[in-house]
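In: Sequence first, then the predicted structure:
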Amino acid sequence: MEKKLLLVDDEEGIRKILGISLQDRGYEVLTAKDGYEALEIFREYNPPVVLTDIKMPGMDGVELLEAIKKESPDTEVIMFTGHGDMDLAIQSLKFDATDFITKPIQDEILEIALRRAEEKITLKEKVKEYTENLEQLVEERTKQLLEAERLAAVGETVATLAHAIKNITAGLTGGMFILEKGIELDNKKYLMQGWDMLRKNVLRVKDLALNLLNYSKEREPSFQLCEPNGILKDVFDLFLAKAHENGIQFKLNLDENIGKAWLDPEGFHRCVINLVTNAFDACTDLGSSIKVPEVTVSSKRIDDGMFEIRVCDNGIGMDEETTKLVFQRFFSTKGSRGTGMGLMITKKIVDEHGGEIRVISAKGNGTTFVVKFPRKPSGKGDAIHPNDGIPSIEINKNSQLNS
């Protein structure tokens, strides 16, 4: 520790005699005749130890102690007191004085008090050093952990994408082989089969690239005042041909009271497409099941602040364990045909809107995705009337396309 201290006493003789004794012990001694002068010297030199008399004119020792501790809690203050000032001495201990010594001052007692002050200062320095080292260690370990998690996430992503690309490559290779055979044999059937395989796998490459771009984009949603029902109708029309091709009864049930809402139209559209695509996949995986596959998209006004969309299918369904995993990174129920990115992106979009998404499913009994959106994200405009200037969509609530 720094061998410097401040000696405060209104008697010049005590300052001189005690100052010489302290210098002999190796201290650099600063002196002050009263509390006011002591504070000025303390603020300029900041000595780690202060020795002060309790009884002084003007600012007494206890007031000086309070002022020093307020500015520098770690400074050690030793009080000098006469036999008649014991109450003040005890009071000084309440204000965190290191010790008090009764006058006349004995060298042995002063030595003990100074050693105790030095030990406290040394201990505080060690605790501070240990704390700083511990904080640095925690920071380093945290960085290492985050880096390890980042690398693990990158590894998982690369492995998943590599698997998906490998499957697509296999499909492209198979399509090329059949197409080449068709050209070689002038077989139109082979040509069409090869071309169909190539077309489907090229679309898979496109979807994979778009999904990666959508998921990696860090952007604020571009909120606009629009009609959720209009976007749902657009998605419905988009999938009608595919529903007819796969023999799926595709239904649209819209609540006309939803009106307008603040949404990112592109994100909301992608969210619904992903859910409908999943529902169609679940229905086409029915295998030899005799039931007629059905997919229903519906909307519902919950209250002035929220609306809900549901995408339901009567497909293969999922067990309880699988439903807990569907929103995890790259989890897919489609085996080699899926990357697990569709629901990852859907969850991200819902979170960006401040909404919530859940899944209800049972093995063999279909799946329902329930998504709730706020009609007005925080800070967007005033309350929205359900029919605020834009007419609601009018559509037969049992509208469907039968196979």
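Out: On my side now, so go ahead. Numbers count the residues shown, from 1 in each chain.
In: hey, where'd the strands end up in the stretch 201-350 of the chain?
Out: In the stretch 201-350 of the chain, the strands defined using DSSP state E, counting those that start in this stretch lie at 224-226, 249-253, 261-263, 294-301, 306-313.
In: Throw those strands into TSV and include mean neighbour count and distance to Gly354, thanks.
Out: (C-beta placed from N, C-alpha, C; glycine too.) Output for the strands of the stretch 201-350 of the chain, formatted as TSV (neighbours: other CB atoms under 10 Å; distance: least, CB to CB, whole Å):
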stretch	mean neighbour count	distance to Gly354
strand 224-226	15	16
strand 249-253	21	25
strand 261-263	24	10
strand 294-301	20	17
strand 306-313	21	10
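In: quick one, which of these is nearest to Arg43?
Out: Shortest distance between Arg43 and these, using CB to CB, is found for strand 261-263: 57.4 Å.
In: Neighbouring strands of that closest one in the sheet, and parallel or not?
Out: Strand pairing for strand 261-263, determined by DSSP bridges: strand 224-226 (antiparallel).
In: now for the helix or strand where Lys143 lies, which elements pack on it?
Out: Per DSSP states H and E, Lys143 falls inside helix 107-185. The helices and strands touching helix 107-185, judged by 3 or more CB pairs under 8 Å, 6 or more residues apart in numbering; DSSP states H and E, are strand 49-53, strand 76-81, strand 99-102, helix 188-216.
In: gap between it and the chain center?
Out: 16 Å (CA atoms, centre = their mean, to the nearest Å).
In: hmm, back to that, export the helices and strands packed on helix 107-185 to a markdown table and append columns for distance to Asp304.
Out: Shown next, in a markdown table, are the helices and strands packed on helix 107-185 (distance: least, CB to CB, whole Å):
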| stretch | distance to Asp304 |
| --- | --- |
| strand 49-53 | 66 |
| strand 76-81 | 64 |
| strand 99-102 | 69 |
| helix 188-216 | 31 |
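In: closest one to Ala362 among the ones you listed?
Out: Closest to Ala362 of the helices and strands packed on helix 107-185 is helix 188-216 (CB to CB; 27.7 Å).
In: What average pLDDT does that closest one get?
Out: In this model, helix 188-216 has a mean pLDDT of 74.
In: What separation do you get for the residue lying closest to Val62 once chain neighbours are set aside and Gly61?
Out: Leaving aside its chain neighbours, Val62 sits nearest to Ser92 (5.4 Å; criterion: CB to CB, 6 or more residues apart in numbering). Ser92 sits 7 Å away from Gly61 when distances are taken as CB to CB, to the nearest Å.
In: Overlap of the contact sets of those two?
Out: Between them, Ser92 and Gly61 share these contacting residues under CB atoms under 8 Å, 6 or more residues apart in numbering: Ile54, Met79.
In: ok, back up a step: in three-state terms, how would the residue nearest to Val62 be classified?
Out: Here Ser92 is recorded as helix under DSSP: H, G, I helix; E, B strand; the rest coil.
In: about what we covered before: by how many degrees do the helix holding Lys143 and strand 76-81 diverge?
Out: Relative orientation of helix 107-185 versus strand 76-81 (axes from the mean of the first three to the mean of the last three CA atoms, to 10 degrees): 160 degrees.
In: What residue spans form the domains of the protein?
Out: As assigned by automatic domain parsing, the chain contains the domains 4-105, 150-216, 224-401.
In: I'd like these as TSV, with distance to Glu140 appended.
Out: Shown next, in TSV, are those (distance: least, CB to CB, whole Å):
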stretch	distance to Glu140
domain 4-105	27
domain 150-216	15
domain 224-401	27
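In: And the ones you listed, which one averages the lowest pLDDT?
Out: Ranked by mean pLDDT, the domains of the chain end with domain 150-216 at the bottom, a mean of 72.
In: hang on, the residue nearest to Val62 packs against Ile54?
Out: Yes: contact criterion CB atoms under 8 Å: Ser92 and Ile54 qualify, at 6.8 Å.
In: Which one's more surrounded, the two?
Out: Ser92 (26 against 23; other CB atoms under 10 Å).
In: That one and Glu294, how far apart?
Out: Counting by CB to CB, the gap from Ser92 to Glu294 is 85 Å.
In: With Arg141 instead?
Out: Look at Arg141 and Glu294: by CB to CB, they are 53 Å apart.
In: Same question for Asp237.
Out: Distance, Asp237 to Glu294, using CB to CB: 18 Å.
In: Beta-bridge partners for the closest residue to Phe236 other than its chain neighbours, please?
Out: In this structure, Phe236 finds its nearest non-sequential neighbour in Leu252, 4.6 Å apart by CB to CB, 6+ apart. According to DSSP bridges, the partner residues bridging Leu252 are Val297, Ser399.
In: repeat for Leu51
Out: Counting by DSSP bridges, Leu51 forms beta bridges with Leu7, Ile78.
In: mind listing what it touches?
Out: Leu51 neighbours (CB under 8 Å, 6+ apart): Leu5, Leu6, Leu7, Val8, Leu18, Val77, Ile78, Phe80.
In: Nearest the middle, which residue of the chain would you pick?
Out: Among the residues of the chain, Asp351 comes closest to the average C-alpha position under CA atoms, centre = their mean, at 12.2 Å.
In: what helix or strand is that residue on?
Out: When elements are assigned from DSSP H and E, Asp351 belongs to helix 341-352.
In: same check, this time on Ala97
Out: In this assignment (DSSP H and E), Ala97 forms part of neither any helix nor any strand.
In: That one: neighbour count?
Out: By other CB under 10 Å, the residues close to Ala97 number 23.
In: Phe80 is in contact with that one, correct?
Out: No: when contacts are counted by CB under 8 Å, Ala97 is not listed as touching Phe80 (10.8 Å).
In: Can you pull the residues that touch both of Ser92 and Ile54?
Out: With CB under 8 Å, 6+ apart, Ser92 and Ile54 have common neighbours Gly61, Val62, Met79, Phe100.
In: what two of these are the furthest from one another?
Out: Among those, the pair separated by the greatest distance (CB to CB) is Val62 and Phe100, at 10.7 Å.
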